[in-house]
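[1] predicted coordinates and the sequence they were generated for:
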2 protein chains.
Amino acid sequence: MVKPMGHMTDATVKRAALPRATARRRDELRADLRDTSRAPGRVEFRRIKTLRAFEEIADQIRKELSDRRLRAGDRLPPERALAAQFGVSRNTLREALRSLENAGLLRLQKGAAGGAFVRESTGDAIVTGLRDMFSLGAIAPEHLTEARVLIESIAVRVACERATPDDVDALKANIAAAERAVADKIDFYGQAAIHLEFHRILARATKNPVMEIVMEALIDVMQHFIRAIGQQRNPWVLRSRRRFIRHFETGEADAAVAEMEQHLERLNRHYLSLLKAKDRAEGVVE
Amino acid sequence: MVKPMGHMTDATVKRAALPRATARRRDELRADLRDTSRAPGRVEFRRIKTLRAFEEIADQIRKELSDRRLRAGDRLPPERALAAQFGVSRNTLREALRSLENAGLLRLQKGAAGGAFVRESTGDAIVTGLRDMFSLGAIAPEHLTEARVLIESIAVRVACERATPDDVDALKANIAAAERAVADKIDFYGQAAIHLEFHRILARATKNPVMEIVMEALIDVMQHFIRAIGQQRNPWVLRSRRRFIRHFETGEADAAVAEMEQHLERLNRHYLSLLKAKDRAEGVVE
DNA sequence: GAACCTGCAATGGTTGAACCAATAGTCGTG
DNA sequence: CACGACTATTGGTTCAACCATTGCAGGTTC
């Protein structure tokens, strides 16, 4: 499917349009099963789920992706051509593309050489998902900070086993950058960004993308959280980092984990107390 | 914002429509900053990001959600009314709703008493996100199984500390259900579902929603993975479960963790070898 | 009075044709 | 050869319908 098509204008597409095969098939499947009287014997009907047209389209494209017939960087045919191929209107097709776009699977680009491109797979949707849950209050700050400590502990332990010299260098470079930032009196959020990057490098050193993504999501939400409670100095970070890297470099996993845990716990106590103070000041909602 | 409006038909809305304020404002903001010649002194221009109309709308609604002016269960005004309030066409508004819908924030319901309802916040988007990454090959099966062991180990340890009697009961009930399923010769996938539910109950016992969600996502992807490699008997599960619950109930965290780790490692070796055999049989793709 | 039908109106789902806006390439001019 | 206007392509948005589903009010039958 998804064959490339030649040049088309709004007008030419009309001629090429198929007689909306998709929509018709759906309607045929939508047999009326609601007569529940006198159900004979052990016949069981499944609840029918009437897929909306754009969902079916999104599913088809997802399938092409997971079967590797479409791969990162590929360009899908233009909307007008796709709409014709699927036999739906451009609006409906766009809803499907929209849905794939904010799942992080596609990137839509305007202009002459534009179109829908298959993205390199990223964890964007996961990050956004966790952020939403946090900002909706389904995750409390304490949950966030706790999970962060738990997961980072493991990450450190695994990373300690697997880190390459390059990883260690990257960590050291990050510490150096942090020191420079302090010396140059870079603004707080800039410093915080460097500190958070440290954890990303650690996650990468686990060589496990799942750990990377989970960490990335936690870091992202932490960043929002920190911004929400406002600017703070935390002078312990650098000292902890230096102790940490010493343990880490020599492969003393237990010591490295302990150092990181201690550091994060202290940080979390700090954040949470600030948050409480802030809530009191503002009059807690509810 | 998002004030409820009275009854509207396709016709009445037209009269109420505002002169698309949103779109106009965006265009005004889109000042032309692309002249990069002779940048004076240290003036730095940020790359402008031109928000598409539907993104701005989605952001506004997200804000209402995070500020709790919209809460779970609330119903938004009908599409036609919302479109008028935002000053955009119904299509554009729908793309915004679509985006919020597959972020898991809204639920769209047809019919007379239908509309866009604010959903109870769930980790759906996160689950889907991880599933996509797996089916796109950004996560290898080994990564998945490894991360699963790592994260579950922690979850067990934490759960062991915090589990209430109810949690223990739920775990025991699950084991009993699994035993019954075996005795009744329930189909394999039904049994697998029960076994996976065990891990969900464990996650819940950590009392940390972040851990629950991460676990949920991993379980979901594992489920897909298992389906992909096909039906398999694994007769060790129940024996392991019985040993596990004994340790767990008496609070012997280390023993419980060890039991679970051992069990999962064995399972994973099993899965991965099956997978390899399957790949060989099919002629590995690339 | 209760159960059942029946039609209406509200609401999301889809359509199709049009125009706008960004963008990369092309072609002509200096 | 370099620059600038032109043009075709492509996503973004609009508008005005119509369709499909669903809850409810009101009537009908027993």
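    That came through fine. Numbering: from 1, shown residues only, chains lettered A, B, ... in the order given.

[2] I'd like the next helix or strand past the lowest-mean-pLDDT helix or strand in chain A.
    Least confident element among the helices and strands of chain A, by mean pLDDT, DSSP states H and E: helix A:21-29 (a mean of 35). Per DSSP states H and E, the first helix or strand lying C-terminal to helix A:21-29 is helix A:53-66.

[3] any buried residues in that following helix, and which?
    For helix A:53-66, the neighbour count (16 or more other Cβ atoms under 10 Å in any protein chain shown) marks A:53-54, A:56-58, A:60-62, A:64-66 as buried. C-beta here means a position set from N, CA and C on the backbone, and glycine is covered the same way.

[4] stretch A:210-230 too?
    A:210-222, A:225-226, A:229.

[5] stretch A:246-262 now?
    So for stretch A:246-262, counting by 16+ other Cβ under 10 Å, buried means A:247-248, A:253, A:255-260.

[6] which of the buried residues of helix A:53-66 are close to chain B?
    Counting by Cβ under 8 Å from any Cβ of the partner chain, A:54, A:62, A:65-66 from the buried residues of helix A:53-66 sit close to chain B.

[7] sorry, back to before: with the buried residues of helix A:53-66 in mind, which one is nearest to DNA strand D?
    A:Ala53 (10.8 Å; Cβ to the nearest atom of the strand).

[8] you'd agree that closest one is up against A:Ala83?
    No: using Cβ atoms under 8 Å, A:Ala53 is not in contact with A:Ala83; the gap is 10.8 Å.

[9] joint contacts of these two?
    Residues touching both A:Ala53 and A:Ala83 (Cβ atoms under 8 Å, 6 or more residues apart in numbering or on different chains) are A:Thr92.

[10] in the stretch 151-286 of chain A, what residue lies closest to DNA strand C?
    Counting by Cβ to the nearest atom of the strand, the stretch 151-286 of chain A gets nearest DNA strand C through A:Asp220, at 26.2 Å.

[11] excluding its backbone neighbours, what's nearest that residue?
    With Cβ to Cβ, 6 or more residues apart in numbering or on different chains as the criterion, A:Asp220 has its nearest non-adjacent residue at 4.8 Å, and that residue is A:Val127.

[12] the one you found: what's it in contact with?
    Taking Cβ under 8 Å, 6+ apart, we find A:Val127 in contact with A:216-217, A:220-221.

[13] tell me which of those fall in helices.
    A:216-217, A:220-221 (DSSP state H).

[14] and the pLDDT for the residue of the stretch 101-250 of chain A found nearest DNA strand C?
    Going by Cβ to the nearest atom of the strand, DNA strand C is nearest to A:Gly111 of the stretch 101-250 of chain A, at 2.3 Å. At A:Gly111, the predicted lDDT confidence score is 89.

[15] so what's the residue count around it?
    A:Gly111 has 6 neighbours, counted by other Cβ atoms under 10 Å in any protein chain shown.

[16] distance of it relative to A:Pro78?
    In this view, A:Gly111 and A:Pro78 are 12 Å apart by Cβ to Cβ, to the nearest Å.

[17] same check, this time on A:Leu274
    The gap separating A:Leu274 from A:Pro78 is 51 Å, by Cβ to Cβ.

[18] in terms of neighbours, single out the busier of the two.
    Taking other Cβ under 10 Å, A:Leu274 and A:Pro78 do not tie; A:Pro78 has more neighbours (18 against 14).

[19] tell me the bridge partners for the nearest residue to the more buried one once chain neighbours are set aside.
    Once flanking residues are discounted, A:Pro78 sits nearest to A:Gly115: 5.8 Å by Cβ to Cβ, 6+ apart. Assessed by DSSP bridges, A:Gly115 has beta-bridge partners A:Gln109.

[20] correct me, but A:Gly115 touches A:Asp74?
    No: if you go by Cβ under 8 Å, A:Gly115 and A:Asp74 don't touch, sitting 9.8 Å apart.

[21] wait, which of the buried residues of helix A:53-66 is closest to chain B?
    Closest approach between these and chain B, by Cβ to the nearest Cβ: A:Ser66, at 3.8 Å.

[22] ok, the closest one to A:Pro235 distance?
    Separation of A:Ser66 from A:Pro235 (Cβ to Cβ): 49 Å.

[23] what does A:Glu152 give?
    In terms of Cβ to Cβ, A:Glu152 sits 21 Å off from A:Pro235.

[24] mind checking which of these two has more residues around it?
    Applying other Cβ under 10 Å to A:Glu152 and A:Pro235 shows that A:Glu152 carries more neighbours, namely 24 against 7.
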